[in-house]
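In: Need a 3D model of the sequence below.
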Amino acid sequence: MQLTREQLATLCDIAIEAGREIMDVYASPIESWQKDDKSPLTQADLRADAVIRRRLESEFAGVFILSEESVSAKSSDTRVFFLVDPLDGTKEFLKRNGEFTVNIALIEDGLAIAGVVYAPALNEMFYAAQGHGAWKGQGAAAQPLQTRVV
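Out: The predicted structure is shown next:
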C-alpha cells in the first residue's frame, strides 16, 4: 500500500489534531494513572488516541490500528496496519519539559512504509513515506531530509 501525497498530508493533519488535544491537557493541571505495566497514563494519552483512531478509521477505512492505548476490532488483513503511540513520552509530558511526540506509522509486511512524528510543544513535524522521501516541517515550508538505507 503506497500512500499518495494527500494521504501523507492527512496523516500529518491527524498528528496535529492529536497534538492539539495533548496541548489542551498540558495547559491544565494534569492527573495521571498507572497502567498494568506501571507506565503512566493521562487524559492526553486517551484524548489523542481517540482523535487518531476516529480519523484513521474515517480516512483509511478497514486498515487495522494497533495503538499503545487501544486495539481496533480484528481486521481481515493484518499485513497492513497503523502502529500508533498517541503520546510518546508520557513521563516527559508529566515533567512538562516539552519532550514528547505523537507517532503514527503505516506498516506493511513488517516494514514501515510511512511515518509521522509530531512534537506538539515544539510545533515540529517529521514525516516520510515510500516514494515521497523524508521531510521536516509542515506544508509549503517543509524541507527535505537526506536519507540512506542502512
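In: drop to CA atoms for contacts and neighbour counts, all remaining ones
Out: Noted.
In: Which is the succeeding secondary structure element to whichever helix in the chain runs longest?
Out: Using DSSP state H, we find that the single longest helix of the chain is helix 5-26. Sequence-wise, the next helix or strand downstream of helix 5-26 (DSSP states H and E) is strand 32-34.
In: Mind giving me the packing neighbours of that next one?
Out: With contacts defined as 3 or more CA pairs under 8 Å, 6 or more residues apart in numbering; DSSP states H and E, strand 32-34 has these neighbours: strand 40-42.
In: average model confidence for whichever helix or strand comes after the strand it packs on?
Out: Moving toward the C-terminus from strand 40-42, the next helix or strand (DSSP H and E) is helix 43-59. Average pLDDT, helix 43-59: 97.
In: Repeat that for stretch 121-136.
Out: On average, stretch 121-136 scores 96.
In: Contacts for that stretch next, please.
Out: 2-3, 5, 8, 12, 23, 98-100, 113-119, 137-138, 142-147 (CA atoms under 8 Å, 6 or more residues apart in numbering).
In: residues of the longest helix of the chain that come out buried?
Out: Across helix 5-26, burial judged by 16 or more other CA atoms under 10 Å covers 8-23, 25-26.
In: next one: stretch 129-143
Out: 129, 134-136, 138.
In: Centre of the chain to that stretch, how far?
Out: 16 Å (CA atoms, centre = their mean, to the nearest Å).
In: Kindly export it (C-alpha atoms) in CSV.
Out: Presented in CSV, the C-alpha positions along stretch 129-143 are these (Å, rounded to 0.1, in the frame of the first residue of the first chain):
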residue,chain,number,x,y,z
ALA,A,129,6.9,7.6,3.1
GLN,A,130,8.0,5.3,0.4
GLY,A,131,8.1,7.2,-2.8
HIS,A,132,7.9,10.6,-1.2
GLY,A,133,11.1,11.0,0.8
ALA,A,134,11.6,12.3,4.3
TRP,A,135,10.7,15.8,5.4
LYS,A,136,10.9,18.2,8.4
GLY,A,137,8.3,20.9,8.7
GLN,A,138,4.7,21.4,7.6
GLY,A,139,3.0,22.4,4.3
ALA,A,140,4.9,24.6,1.9
ALA,A,141,7.6,25.3,4.5
ALA,A,142,8.6,21.6,4.7
GLN,A,143,12.3,20.9,4.0
